[in-house]
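> Sequence first, predicted model second:
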Amino acid sequence: MPEVLEREEAGRTRSWQVGGMDCAACVAKVEKAVSRLPGVQDVQVNLMTETMTVQFGTGADSARIEKTVAALGYAVTARANPDAAARTGGTACCGGHAHAHPTHTHDIHDGHDRPARAAHDGHDHPAPADMSCGCDGHDHHEHDHHVHAPAAGIQVRAEAARPHAHDEAGPAGMRASLPWWRTGKARLVALLALLVGAAAALAHLFPAAAYWLYLAATLVAVVPFGRRALALARAGTPFSIETLMVLAALGAVAIGAAEEAAIVVLLFALGELLESVAASRARAGIRALADLVPRTARVERDGAVREVPADRLRLDEVVQVRPGDRIPCDGLVLTGESAVDESPVTGESVPVARGPGDRVVAGSVNTAALLRVQVTATAADNTISRIVRLVEEATASRAPTQRFIERFSAWWTPGAMIVSALVILVPPLAFGAAWDIWIYRGLAVLLIACPCALVISVPAAMASGLSAGARRGLLVKGGAALEAIGKARIVAFDKTGTLTEGRPRVTDIVPVDGTDERTLLHAAACVEAGSAHPLATAVLQAAEARGLQPSRAAQATAIPGKAATAMVEGIRFAVGSPAYAREQGVDLTALAARIDAFEEAGKTAVVVLRDGQALGTIALRDEPRADAHGAVGALDSLGIASVMLTGDNARTGRAIARTLGMDVRAELLPDQKLREIEGLKARGAVVMVGDGINDAPALAAASVGVAMGGGTAVALETADAALLRERLGGIADLVALSRATLANVKQNVGVAVGLKAVFLVTTLVGVTGLWPAILADTGATVLVTLNALRLLRWRGLRRPAVPAAFVPPVRAR
């Protein structure tokens, strides 16, 4: 039957799920094979999510791409276009496939103090069998179940969707992998172990039969590995690990060492299985993040409370979250006051008070009282989904060290084959040594040269470090950023909203003679109305507290770092820094003493102008964060200098910097901040910490930009890293995590290269043979993987514990 070609449109992007990839070498093989196909413009393979994304040029054929990947020994399944899923109105589940499902409804009547549960979040309680999100692949007709509690009361209806079974995936599109003992690799290892064990048992009774069993074991493994080696050679990777193993095994059989050949292929297969298990463990860390979101939510619809799949929540719907339940969405609290445990998402160990008007994030746990929450983000855009996407993208990016190792390993394998050939040929030809001995040793050199452990040493450590950080509320966008953070010599902080709380309040109102406080504050409020700047918010709050309503303003403009101006009832008003007022030629003699006093006290003074004349000055103070001093001290103990960059006046900046024990650069306009960062970079790598909104240029200019945004979309997407916990101590944790990861990488490379060097010497002098050589490679791979997985237990820097008796009170409103 002729092959059907699936031609793709130029410029289009398509994704596949690729199963069976265990390490960076697998990624490189797939990328190289697919990139050589006609019409493929770009290909990106993500080991952690087991996905491949291809951008098509002219004449691309998706069927050929799938056939090529399958020939390499990987399971490949096309993923549906997420945009198409959105248009169909179905749920983008099961690996991205969209389906419209009939509705299952369950009526539950409960007269107790809270409704009976028809389904749970899948974390703390088992769901009833008829409501589980099973993947049975059948169509289901609509039906009702009625369950009556002792008394009539609130009616709860449950709508459940049953996804298809062909591709189980979590919220991030990650496949739920089979247990390792059910995989093809495990079955191959079991078969080889059985054959080798049987041969060993028969060796003493029937030596001839044992030989044939050893040979059978060798061929059982050589056939699939040989086919993969041939496919890789055709796809542009002739010097693959599989090639080394197949040549060594066949060479051993040729010289009569079938027993050692069988042990070699068994250990090689075992090594591949262990790599698969390690990769699965690393992926489980990301899946755990996705699993924080409960499967169902209790939503208010049509006058009733219904249980619906959490991924079907719509914007602005209202969900009810009971005590003990996980919050199913990002949202805004409408009613209710409770303490919310955000530790699963941000790592914040102490529950935080939440009430009307406060934001809550998906995956956190409501601990005290019923909350009604308005949905502000769909399942695809909530905080958990964004975190998972960022971690996935981060694990796909390559750190500089990893790129070097990959380039090095590309030359390593062919070089090892040349060395092996020289070991086989030179001693017999040049010195008359025995051919069988040196052929044997040359084959052992081939096995020692397998670069598995070396190739996996960096990405395994980076993936573990990134996952460990995400679980502690430290998001890093890739290995390059994680590597750079640990090399930082200076950390530059923005002041407002970063070192300080970001919630300034008006402390003093000083009008000039002939003007009263209310007039001065009203004028400032008119200019600041509509602005989102923290100082503007403080002025407006002070005006509201005094019952002042801002008048309508026109021609409102902002002069970055200097002032805000507006026309109010035909009069030009401005609220700006004293420096701006002086630039405008305003005489501040009457206010100079008060302004100086405010600034020496660490307050920010602004001058209110009316038609170029000073009406007075308003002082505001933004208190430093409670952990700011400790964070600066932690960085100092790590040998990192701290500097504050602020647009505030020099005296205010110095006052705050003095209390925190750090250097300061004050009165900086946005472009001056950039120049200051460039100057600091001359002394070493610079980490810039800001709020992710106003500091975007400075964050981009630094070696690494870190945003403190509490999980907001802007904060997560602007910088190279983000702190979900609004704690400055996270900066020192990031540095410690980076250094721990880099140390882990060095240990891994040392183990991978050191073991090979030792066994190379022992092989050449005849102490060790074939199976110890492959054991050295497998052992190094296992040690490297286990060492990398240690990072998953990383817990951050030790800090003074919060007293056990301290529990933040629920706010009274």
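Sure thing, it's come through.
> For residue 210, see how far away residue 197 is.
Distance, residue 197 to residue 210, by CB to CB, to the nearest Å: 11 Å. Just so you know, the C-beta spots here come from the backbone N, C-alpha and C atoms, and that holds for glycine as well.
> Which one of those two is surrounded by more residues?
residue 210 (21 against 13; other CB atoms under 10 Å).
> Which residues are in contact with that one?
For residue 210, the contact set (CB atoms under 8 Å, 6 or more residues apart in numbering) comprises 199, 200, 202, 203, 259.
> Now the element after the helix or strand harbouring it, going C-ward?
Taking DSSP states H and E as the criterion, residue 210 maps to helix 207-234. As assigned by DSSP H and E, the chain's next helix or strand after helix 207-234 is helix 241-254.
> By residue count, tell me the biggest helix in the chain.
helix 729-764 (DSSP state H).
> tell me the mean pLDDT over the following helix or strand past that helix?
Later in the chain than helix 729-764, the nearest helix or strand by DSSP H and E is helix 770-789. In this model, helix 770-789 carries a mean pLDDT of 81.
> just stretch 642-656 next, same as before
On average, the pLDDT along stretch 642-656 is 86.
> quick one: residue 290 from residue 78, how far?
As defined by CB to CB, residue 290 lies at a distance of 22 Å from residue 78.
> just to revisit the earlier point, can you state the direction angle for the helix holding residue 210 and helix 241-254?
In terms of direction (axes from the mean of the first three to the mean of the last three CA atoms, to 10 degrees), helix 207-234 departs from helix 241-254 by 150 degrees.
> Name the residues of helix 207-234 that are buried.
210-211, 213-222, 225-226, 228-232 (16 or more other CB atoms under 10 Å).
> same thing with stretch 360-377?
Buried residues in stretch 360-377, counted by 16+ other CB under 10 Å: 360-368, 371-373, 375, 377.
> In the residues you listed, find the pair that's most separated.
Farthest-apart pair in the buried residues of stretch 360-377 is 368 and 377; separation 23.7 Å (CB to CB).
> got the contact list for stretch 238-248?
Contacts of stretch 238-248 (CB under 8 Å, 6+ apart): 25, 29, 222, 225-226, 228-229, 232-233, 261, 264-265, 268, 413-414, 416-417, 443-444, 446-447, 449-452, 770, 774.
> no wait, stretch 610-617
Applying CB under 8 Å, 6+ apart, the contact partners of stretch 610-617 are 508-512, 515, 519-520, 523, 571-573, 578, 581, 584-588, 590-591, 594-595, 598, 605-609.
> swap in stretch 318-325?
Here stretch 318-325 makes contact (CB under 8 Å, 6+ apart) with 114, 121, 124, 294, 297-300, 305, 313, 327-329, 331, 334, 338, 365-375.
> Is residue 353 part of a helix or strand, or is it coil?
Here residue 353 is strand, with the state taken from DSSP: H, G, I helix; E, B strand; the rest coil.
> Okay, it and residue 625: tell me how far apart.
Going from residue 353 to residue 625 by CB to CB gives 18 Å.
> pLDDT averaged over the top strand by length along the chain, what's the number?
Counting by DSSP state E, the longest strand found in the chain is strand 613-621. In this model, strand 613-621 carries a mean pLDDT of 92.
> what do you get for stretch 597-607?
Across stretch 597-607, the average pLDDT comes to 88.
> out of everything not next to it in sequence, what's closest to residue 752?
Excluding the flanking residues, the one nearest residue 752 by CB to CB, 6 or more residues apart in numbering is residue 453, at 3.8 Å.
> Hmm, I typed the wrong one, I wanted residue 191.
residue 220 (6.3 Å).
> try residue 538
Looking at residue 538 with CB to CB, 6+ apart, the closest residue is residue 504, at 4.5 Å.
> okay, and for the stretch 51-200 of the chain, where does confidence drop off?
Along the stretch 51-200 of the chain, the parts satisfying pLDDT under 70 run over 80-178.
> mind checking the end-to-end distance for stretch 509-518?
By CA to CA, to the nearest Å, the extent of stretch 509-518 from end to end equals 9 Å.
> picking up where we left off before, residue contacts, the residue nearest to residue 538?
Neighbouring residues of residue 504 by CB under 8 Å, 6+ apart: 496, 534, 535, 537, 538, 604, 620, 621, 622.
> bridging residues for residue 689?
residue 493, residue 706 (DSSP bridges).
> need the contact list for it.
491, 492, 493, 494, 498, 706, 707, 708, 728, 731.
> Show the model's pLDDT score for it.
92.
> now the one 5 residues further on
Looking at residue 694, its pLDDT reads 58.
> do the same with residue 487
Looking at residue 487, the pLDDT reads 91.
> Tell me which residues touch it, please.
So residue 487 contacts 684, 685, 738 (CB under 8 Å, 6+ apart).
> go on, residue 69?
Neighbours of residue 69 in contact, by CB under 8 Å, 6+ apart: 16, 18, 30, 33, 34, 52, 76.
> Which ones among the residues you listed lie within helices?
In helices, defined here by DSSP H, the members of the contacts of residue 69 are 30, 33, 34.
> Return the member of these nearest to residue 660.
In terms of CB to CB, no member of those lies closer to residue 660 than residue 30, at 49.9 Å.
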